[in-house]
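> Any chance you can model this:
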Amino acid sequence: MKNFKLFSSIILLSLLFVNCKSEKKTVDFKKLTQNYFDDKNALNPLDATLNGQNQYNDQLQLEMTDSYRKKQGEFFSKYENQLSEIDRENLSEEEKNSFDIIKWEVEIGKNLLKQNANLMPIHQFWGTHLTMAQFAAGESAQPFKTEKDYKNFLTRMDIYSVWLDSAVVYMKKGIEKGVVLPKSLTEKVIPQFEEMITPKVEDNLFYTTIKSMPKSFSEAQKKQLTDEYAAMISEKLMPRYKKMADFLKSEYLPKSRTTSGIGSIPNGNELYKVYVKQWTTTEMSPEEIHNLGLKEVARLKSEMEKVKSEVGFKGTLKEFFNYVRNKPELKPFKKPEEVTANFEKYYQTIKPNVDKLFSLQPKTAFQIKRTEAFREKTASAEYVQGAADGSRPGTFYVPIPDVKEYNYYADEDLFLHEAIPGHHFQISLQQENKLLPDFRKFNWFGAYGEGWALYTESLGKELGLYKDPYQYFGMLSSEMHRAIRLVVDTGMHAKGWTREQAIQYSLDNEAESEASIISEVERYMAIPGQALSYKVGQLKIIELRERAQKAMGSKFDIKKFHQMVLESGVMPLALLENKIDNWIKTSK
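Have a look, this model is predicted:
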């Protein structure tokens with residue numbers, strides 16, 4: 001009897017063990033990806049709002065704080081553990097991509113948490129203080145249609161007042177540890193806070209949407225919201241903006257660093273390596289990227305020399321840059337509508353040729369618009385994605401602050417990059433793909449996304465453009481701009497270059513204005529590594545196309561290649577390479 005009991009216990013334990021093992025294999029991976037998306041949105045509510053996930057519109061992250069970073073660490077550990085319970089080999093090909101993307105994001109996230117970049121929570125290029133200002137203007141992703149919408153942003157402003165206090169606390173810690181912004185960036189940030197301090201509440205940017213409340217609101221609703229917004233701005237926001245501006249001027253600016261690159265702060269070289277991996281999604285070292293940049297700059301200079309000869313210009317390449325910048329024939333427009341009409345003309349030119357290169361095309365509607373007046377003077381041309389449900393078209397915005405000075409020599413190239421078949425195709429197809437989990441529909445990897453857009457610039461001749469040598473020179477100039485980024489970003493952050501060296505190198509090798517170049521170089525100083533993503537991604541896609549053409553010979557189909565690159569949305573470049581290699585193998 002004792003033996004029977006022992007035998008029964010062994011059987012029971014064996015069954016439990018088998019159940020545990022089978023349970024491990026039947027973890028609902030689809031549910032895991034949905035939970036991952038929800039948890040990511042809860043951690044990053046501003047991004048959630050930008051992606052149309054409106055249940056987070058009253059929330060705000062205090063991303064620099066120790067408590068927030070602890071939550072991030074718990075998030076990464078949670079999904080690292082859950083992935084370890086998944087048998088990857090039992091997943092479909094697209095699920096394997098999702099598995100690998102989550103694994104990659106968790107790994108890079110954990111590496112970033114080991115760094116101390118949270119002690120520099122603000123800079124002039126992007127960030128919470130700039131996103132909140134954009135949302136406050138009522139022209140961005142934060143909706144202002146219902147009373148609940150207005151209350152949501154009121155709550156968000158309240159948390160934002162705490163965010164401003166927290167930023168000061170952590171910047172003071174940064175001063176103690178020598179983790180501070182360069183002086184030239186601090187000087188750019190100060191006016192961003194000072195401009196938010198207005199003598200009258202009614203003139204404050206955060207009051208903007210009160211002036212345009214929906215007509216459906218009752219007088220009582222309007223009065224209550226007006227009073228609440230006025231109190232929030234005058235009692236909480238403006239005093240903290242003043243505190244921040246005073247702190248930046250009196251305490252932070254004197255302690256800001258005189259160096260340009262992040263390599264000069266404690267542990268800065270390690271931090272830069274993490275950023276390089278994050279933005280390029282590769283294992284390339286800063287040294288490799290720097291040398292690649294030098295090689296690309298030399299190649300593109302040689303191509304530019306050919307165009308200079310073709311148009312009969314006798315001076316140096318640098319003189320040709322100035323000639324192109326100021327050539328009256330390249331500034332033909334008298335009305336802003338003529339600029340947008342010219343982009344429409346490009347659109348009509350490429351339409352029939354797009355079908356020859358792309359079988360997979362988005363359903364999302366597309367439009368070309370002039371950038372709004374309130375941000376036109378400082379804005380770049382950009383693409384703003386359409387709504388995933390098709391309710392809002394994808395929009396290519398063009399700033400035209402001074403139409404008489406508008407030079408269109410690079411506009412064909414610009415249209416291909418920002419609009420079709422660049423960002424509009426890539427982002428729309430990603431959002432429309434019902435086979436992708438939500439976290440991938442709204443995901444972003446710059447090396448893939450910007451790499452794709454830069455790759456599409458090289459399709460101009462196949463699409464019926466670049467017949468004018470100046471437009472082809474515009475394409476070369478845009479590509480040169482991205483090649484220069486490889487040199488100056490790694491130069492400043494890994495090789496100790498100064499801001500002035502980076503500016504001079506850019507002036508010597510491209511046709512951009514000095515003001516534009518200064519702004520660009522300071523952008524690289526603010527977000528180390530981001531500028532590397534464009535060229536690294538473009539060169540990888542070109543490499544994969546050439547590899548497929550060589551391996552497949554007459555069987556190579558450009559439409560199929562573009563489908564393979566686009567259909568799964570953004571991913572680290574190694575995953576894209578695996579995808580294309582598998583396609584080549586199965587096709588052969």
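> List the contacts of residue 583.
548, 560, 564 (C-beta atoms under 8 Å, 6 or more residues apart in numbering). C-beta coordinates here come from the backbone N, C-alpha and C atoms, glycine included.
> again, only this time at 10 Å
544, 548, 551, 552, 560, 561, 563, 564, 565 (C-beta atoms under 10 Å, 6 or more residues apart in numbering).
> and if you look at residue 551?
Applying C-beta under 10 Å, 6+ apart to residue 551 gives the contacts 580, 581, 583, 584, 585, 587, 588.
> What residues sit buried inside the helix or strand hosting the fifth one?
What that stands for is residue 585. Residue 585 is part of helix 573-587, with elements assigned from DSSP states H and E. Buried residues in helix 573-587, counted by 16 or more other C-beta atoms under 10 Å: 573, 575, 576, 577, 578, 579, 580, 583, 584.
> Same question for stretch 466-486.
With burial defined by 16+ other C-beta under 10 Å, the residues of stretch 466-486 counted as buried are 466, 470-486.
> those strands in this protein, which residues are they?
Secondary structure of the chain by DSSP state E: the strands cover 366-370, 382-384, 394-398.
> Report all helices and strands that the second one contacts.
In terms of contacts (3 or more C-beta pairs under 10 Å, 6 or more residues apart in numbering; DSSP states H and E), strand 382-384 is packed against strand 394-398, helix 411-418, helix 423-432.
> So for residue 263, which of these sits nearest?
Residue 263 lies closest to helix 411-418 among the helices and strands packed on strand 382-384, at 30.4 Å (C-beta to C-beta).
> pull the CA atoms of the closest one into CSV?
The C-alpha coordinates for helix 411-418 follow below in CSV (Å, rounded to 0.1, in the frame of the first residue of the first chain):
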residue,chain,number,x,y,z
ASP,A,411,12.1,69.5,-54.0
GLU,A,412,11.8,66.4,-56.1
ASP,A,413,14.1,64.5,-53.7
LEU,A,414,12.2,66.0,-50.7
PHE,A,415,8.9,64.7,-52.0
LEU,A,416,10.2,61.2,-52.5
HIS,A,417,11.6,61.1,-48.9
GLU,A,418,8.8,62.7,-46.9
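> picking that back up, tell me which of the contacts of residue 583 fall in helices.
Counting by DSSP state H, the contacts of residue 583 place 544, 548, 551, 552, 560, 561, 563, 564, 565 in helices.
> Contact partners for the second one?
So that's residue 548. Contacts of residue 548 (C-beta under 10 Å, 6+ apart): 555, 556, 557, 558, 560, 561, 564, 580, 581, 583, 584, 587.
> Could you do the first one as well?
Contacts for residue 544 (C-beta under 10 Å, 6+ apart) come out as 455, 561, 564, 565, 573, 576, 577, 579, 580, 581, 583, 584.
> at 6 Å instead, please
residue 580 (C-beta atoms under 6 Å, 6 or more residues apart in numbering).
> where's it relative to residue 474, distance?
26 Å (C-beta to C-beta, to the nearest Å).
> what does the third one give?
In this view, residue 551 and residue 474 are 33 Å apart by C-beta to C-beta.
> again, but for residue 401
Residue 401 sits 19 Å away from residue 474, going by C-beta to C-beta.
> ditto for residue 432
Separation of residue 432 from residue 474 (C-beta to C-beta): 31 Å.
> could the contacts of residue 583 go into CSV alongside distance to residue 246 and pLDDT?
As requested, the contacts of residue 583 are exported to CSV (distance: C-beta to C-beta, whole Å; pLDDT from 0 to 100):
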residue, distance to residue 246, pLDDT
544, 53, 98
548, 59, 97
551, 63, 96
552, 64, 95
560, 60, 97
561, 57, 98
563, 56, 97
564, 55, 97
565, 51, 97
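> Mind pulling up the pLDDT for the nearest residue in space to residue 280 that is not next to it in sequence?
Using C-beta to C-beta, 6 or more residues apart in numbering and skipping the chain neighbours, the partner closest in space to residue 280 is residue 536 (4.5 Å). Predicted confidence (pLDDT) at residue 536: the value is 98.
> Residue 281 is in contact with residue 536, correct?
No: applying C-beta atoms under 6 Å as the test, residue 536 and residue 281 come out as separate, 8.3 Å apart.
> hey, what's in contact with both of those two?
Common contacts of residue 536 and residue 281, defined by C-beta under 6 Å, 6+ apart, comprise residue 447.
> list the buried ones in the longest helix along the chain?
In the chain, assigned by DSSP H, the helix with the most residues is helix 147-177. Buried residues in helix 147-177, defined by neighbour count with 16+ other C-beta under 10 Å: 147, 149-150, 152-154, 156-157, 160-161, 163-164, 166-168, 170-171, 174.
> same for it, what does it pack against?
Under the contact definition 3 or more C-beta pairs under 6 Å, 6 or more residues apart in numbering; DSSP states H and E, helix 147-177 sits against helix 219-231, helix 238-247.
> That helix: how far from the chain's middle?
Counting by C-alpha atoms, centre = their mean, to the nearest Å, helix 147-177 is centred 23 Å from the centre of its parent chain.
> likewise stretch 213-232?
Centroid separation between stretch 213-232 and its chain, computed with C-alpha atoms, centre = their mean, is 35 Å.
> follow-up on the earlier one: Throw the contacts of residue 551 into CSV and include pLDDT and distance to residue 233, thanks.
Below are the contacts of residue 551 laid out as CSV (pLDDT from 0 to 100; distance: C-beta to C-beta, whole Å):
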residue, pLDDT, distance to residue 233
580, 97, 53
581, 97, 56
583, 96, 56
584, 96, 59
585, 95, 61
587, 86, 61
588, 73, 65
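> Adding distance to residue 34, write these out as CSV.
Formatted as CSV, the contacts of residue 551 follow (distance: C-beta to C-beta, whole Å):
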residue, distance to residue 34
580, 28
581, 30
583, 28
584, 33
585, 32
587, 33
588, 37
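> nearest to residue 56, of the residues you listed?
For these, the nearest to residue 56 is residue 580 (35.8 Å; C-beta to C-beta).
> how about low-confidence regions in this structure?
1-26, 374, 378 (pLDDT under 70).
> wait, what's in contact with the residue nearest to the spatial centre of it?
Centroid check for the chain by C-alpha atoms, centre = their mean gives residue 446 as the closest residue, at 6.0 Å. By C-beta under 6 Å, 6+ apart, residue 446 lies in contact with 279, 533.
> what about 7 Å?
279, 530, 533 (C-beta atoms under 7 Å, 6 or more residues apart in numbering).
> how about JSON lines for those residues, with neighbour count and distance to residue 267 added?
What follows is the contacts of residue 446, written out as JSON lines (neighbours: other C-beta atoms under 10 Å; distance: C-beta to C-beta, whole Å):
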{"residue": "279", "neighbour count": "24", "distance to residue 267": "18"}
{"residue": "530", "neighbour count": "20", "distance to residue 267": "20"}
{"residue": "533", "neighbour count": "26", "distance to residue 267": "23"}
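> how about those in CSV, adding distance to residue 387?
Listed next are the contacts of residue 446 as CSV, based on distance: C-beta to C-beta, whole Å:
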residue, distance to residue 387
279, 27
530, 26
533, 26
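> And these, which is closest to residue 301?
Using C-beta to C-beta, the contacts of residue 446 come closest to residue 301 at residue 533, 22.6 Å.
> what does stretch 31-42 contact?
Contacts for stretch 31-42 (C-beta under 7 Å, 6+ apart): 48, 53, 56, 75, 79, 82, 98, 102, 437, 438, 439.
> Distance check, the second one against residue 275.
Just to be clear, that refers to residue 53. 27 Å.
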